[in-house]
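1. Sequence plus predicted model, see below.
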Amino acid sequence: MEYISTRNKNLSFSFKEIFLRGLAPDGGLFIPKEIKTYDKSEINKLQKLSYIELATEIISYFCSPEIDKNNLKNLLKKSYKSFQTNEVISIKKVGDINLLELYHGPTLAFKDIAMQVLGNMYEELKLSSDKTINIVVATSGDTGSAAIAALNNRSNINVFVLHPHNKISKIQRKIMTTIGSNNIYNIAIKGTFDDCQNIVKEMFSENAFREKINMSGVNSINWARIVCQIVYYFYSYFKLDDEKVSFAVPTGNFGDIFAGYIAKKMGLPIEKLIVSTNENDILEKVINTGEYKPGKVKPSLSPSMDVQISSNFERLLFDVLDENDKKVSDLMNDLKTKGSFKLNEKQTAIIKKDFSAKKINDQETISIIKKFSKDYNFIIDPHTATAIGASKVVKDINKIIILGTAHPYKFLETIKIATSQELEVPKQIAHLMDKKEKYDILDNKITDIKNYILEKIS
């Protein structure tokens, strides 16, 4: 498999190279040069597979020949052995909702599905056999804990997790900051998730620093994350067994829903991809108006979507602009220098063929959680609630699968507000609740973060 950059199609990389780098040297994102499209007979064959078998088929296409198919299957079995359901995910009918539960992994969020695989890929690709890898990751709450759970106690790997100080839920933070082996460093940044993400991107772009620390990343800009998430779109479609299906996805960085877009390009009959956002509605605005203009991040009850710079949207831009890497580069430069860019009507119409978007505010989120609990005696987390809300306003769509992206316990304070209920601690994290937290608070300055990393690895 050959990979290129969204900003320069002349650059060529292997899967191993893009896995380690995360971000292209020119600041662009990696994408496959070609994407396989399954015909109807091939999709029918895939329908008979277990989750592990399906994941092996789909993921192997993107990482061949560097990861042997049999080795990949064993890697996937190892990655998912701690999940609390036999098939990694589960899909339930709750009232009139088709709920895809993606939170049966060790940190109770959909991020585990990709991150557990990535953790084992570092060993399979022998990336840390000769030199210590320093993984730097930004998180709005769930990515960090998933990365820590996947990479905790790994030989020759250090993990530096940047989260926005006091802007994630207490449970999200506690899961991250109590695992605490010697290769994990939690950093609370005095800023927003976008600030954390910008610091990580800038460090990736500084080649001298990146090479000095042998830096790698596991944020959703890492293509391997997208690849692992494609699988559950196929699997849930097969379980619903309908001619066409749509998906409602709570998303901030556009990674999870972009995996659905790739699944559609691969031949899955997806009618619509419904983006749900909170008050940080950058994606709703660009999908509905064509204007991409990040504002100030607003704290919300769905903190994992408190994002104003949706990095993975650049991958969609590449397609919308007919794979014109120069145009993509120009728009991203406009974003950097002018603070925004604007798509024309034709380009916006292309996006609307596949996507719709709706903002769900905090008050609506509380109401949805409360009503869902009352009607079905079933508790959902605030992010999943936004997806349910967004799905209700999309007209003329038949079967919709709601992506349940996190266990409600991770947002206990919000659940109490909405339902007055106390939730039982899930067994995956029960052992962490009484442990002491360990993290450092730093200013929103890249020099401070770089110096911190250099001090810890010296």
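-> Thanks, I have the structure now.

2. okay, and for the stretch 1-150 of the chain, where does confidence drop off?
-> Scanning the stretch 1-150 of the chain for pLDDT under 70 picks out nothing.

3. Do a quick rundown of the strands in it.
-> 3-5, 8-13, 30-32, 90-94, 97-101, 133-138 (DSSP state E, counting those that start in this stretch).

4. so what strands line up beside the last one?
-> Going back to what we said before, that points to strand 133-138. strand 157-164 (parallel), strand 215-216 (parallel) (DSSP bridges).

5. Could you identify the helix or strand that succeeds the shortest one?
-> Which is strand 215-216. helix 223-240 (DSSP states H and E).

6. In a markdown table, list the strands paired with strand 133-138 along with mean neighbour count.
-> Placement of C-beta: from N, CA and C, glycine included. A markdown table is the format used below for these (neighbours: other C-beta atoms under 10 Å):
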| stretch | mean neighbour count |
| --- | --- |
| strand 157-164 | 24 |
| strand 215-216 | 23 |
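
7. would CSV of these with mean pLDDT be doable?
-> Listed next are the strands paired with strand 133-138 as CSV, based on pLDDT from 0 to 100:
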stretch, mean pLDDT
strand 157-164, 97
strand 215-216, 96
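
8. With respect to residue 128, which of the ones you listed lies nearest?
-> Residue 128 lies closest to strand 157-164 among the strands paired with strand 133-138, at 5.2 Å (C-beta to C-beta).

9. Now do that closest one: everything it contacts.
-> Contact with strand 157-164 is made by 122, 128, 132-141, 144, 147-148, 151-152, 173, 176, 183-189, 191-193, 195-196, 199-200, 306, 449, 452-453, 456-457, as judged by C-beta atoms under 8 Å, 6 or more residues apart in numbering.

10. Buried ones among those?
-> 122, 128, 133-141, 144, 147-148, 151-152, 173, 176, 183-189, 191-193, 195-196, 199-200, 306, 449, 453 (16 or more other C-beta atoms under 10 Å).

11. need the strands for the stretch 151-300 of the chain, in chain order.
-> So, for the stretch 151-300 of the chain - with DSSP E, counting those that start in this stretch - the strands run 157-164, 184-189, 215-216, 245-250, 270-277, 291-292.

12. in its sheet, what does the fourth one sit against?
-> For strand 245-250, the pairing partners within the sheet under DSSP bridges are strand 270-277 (parallel), strand 400-404 (parallel).

13. excluding its backbone neighbours, what's nearest residue 202?
-> Nearest non-adjacent residue to residue 202, counting by C-beta to C-beta, 6 or more residues apart in numbering: residue 446, 5.6 Å away.

14. residue contacts, that neighbour?
-> 199, 202, 203.

15. How about residue 441?
-> 165, 187, 188, 190.

16. one step back: burial-wise, tell me which of the strands of the stretch 1-150 of the chain comes out on top.
-> Most buried of those by mean neighbour count (mean count of other C-beta atoms under 10 Å) is strand 133-138; its value is a mean of 25.

17. hmm, who's touching that one?
-> Residues contacting strand 133-138 (C-beta under 8 Å, 6+ apart): 20, 122, 127, 143-144, 147, 151, 156-163, 193, 196-197, 199-200, 203, 213-219, 453, 457.

18. quick one: that strand to strand 184-189, angle?
-> Orientation of strand 133-138 against strand 184-189 (axes from the mean of the first three to the mean of the last three C-alpha atoms, to 10 degrees) gives an angle of 30 degrees.

19. Return the alpha-carbon coordinates of strand 133-138 using PDB.
-> Provided in PDB are the C-alpha atoms of strand 133-138 (Å, rounded to 0.1, in the frame of the first residue of the first chain):
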ATOM      1  CA  ILE A 133       9.800   6.000  20.800                       C
ATOM      2  CA  ASN A 134       8.300   9.000  22.400                       C
ATOM      3  CA  ILE A 135       4.600   9.300  21.600                       C
ATOM      4  CA  VAL A 136       3.000  12.700  22.100                       C
ATOM      5  CA  VAL A 137      -0.800  12.800  22.000                       C
ATOM      6  CA  ALA A 138      -3.400  15.500  22.500                       C
END
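
20. quick one on the thing from earlier: in helices, which of the contacts of residue 446 appear?
-> The helices, defined by DSSP state H, take in 199, 202, 203 from the contacts of residue 446.

21. any idea how far the last one is from residue 390?
-> Right, the one you point to is residue 203. 34 Å (C-beta to C-beta, to the nearest Å).

22. same check, this time on the second one
-> Distance check for residue 202 against residue 390: by C-beta to C-beta, it reads 32 Å.

23. Neighbour count: these two, which is higher?
-> residue 390 (25 against 14; other C-beta atoms under 10 Å).

24. helix/strand/coil for the more buried one?
-> Secondary structure state of residue 390, per DSSP: H, G, I helix; E, B strand; the rest coil, is helix.

25. give me every residue that touches it.
-> Contacts of residue 390 by C-beta under 8 Å, 6+ apart are 248, 274, 275, 276, 357, 358, 360.

26. Nearest residue to the third one in space, ignoring adjacent ones along the chain?
-> Nearest-residue entry for residue 275: residue 357, 4.0 Å, with adjacent residues in sequence omitted and distances by C-beta to C-beta, 6+ apart.

27. for residue 33, what are its contacts?
-> Per C-beta under 8 Å, 6+ apart, neighbours of residue 33: 1, 2, 3, 4, 12.

28. at 10 Å what do you get?
-> 1, 2, 3, 4, 9, 12, 13, 323 (C-beta atoms under 10 Å, 6 or more residues apart in numbering).

29. As a markdown table, those with distance to residue 255 would be great.
-> Output for the contacts of residue 33, formatted as a markdown table (distance: C-beta to C-beta, whole Å):
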| residue | distance to residue 255 |
| --- | --- |
| 1 | 19 |
| 2 | 22 |
| 3 | 16 |
| 4 | 19 |
| 9 | 22 |
| 12 | 23 |
| 13 | 19 |
| 323 | 20 |
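
30. for these, which one is nearest residue 253?
-> residue 3 (19.7 Å).

31. unless I'm mixing things up, the closest one is touching residue 35, no?
-> No: using C-beta atoms under 10 Å, residue 3 is not in contact with residue 35; the gap is 11.3 Å.

32. which residues do these two both contact?
-> Contacts common to residue 3 and residue 35, judged by C-beta under 10 Å, 6+ apart, are residue 62.

33. just the helices in the stretch 301-450 of the chain please.
-> Secondary structure of the stretch 301-450 of the chain, counting by DSSP state H, counting those that start in this stretch: helices at 313-320, 325-338, 345-354, 362-376, 382-392, 412-419, 446-457.

34. wait, the stretch 1-150 of the chain
-> 15-21, 40-46, 51-63, 69-80, 111-124, 143-151.

35. what's the most buried one of these?
-> helix 143-151 (a mean of 28).
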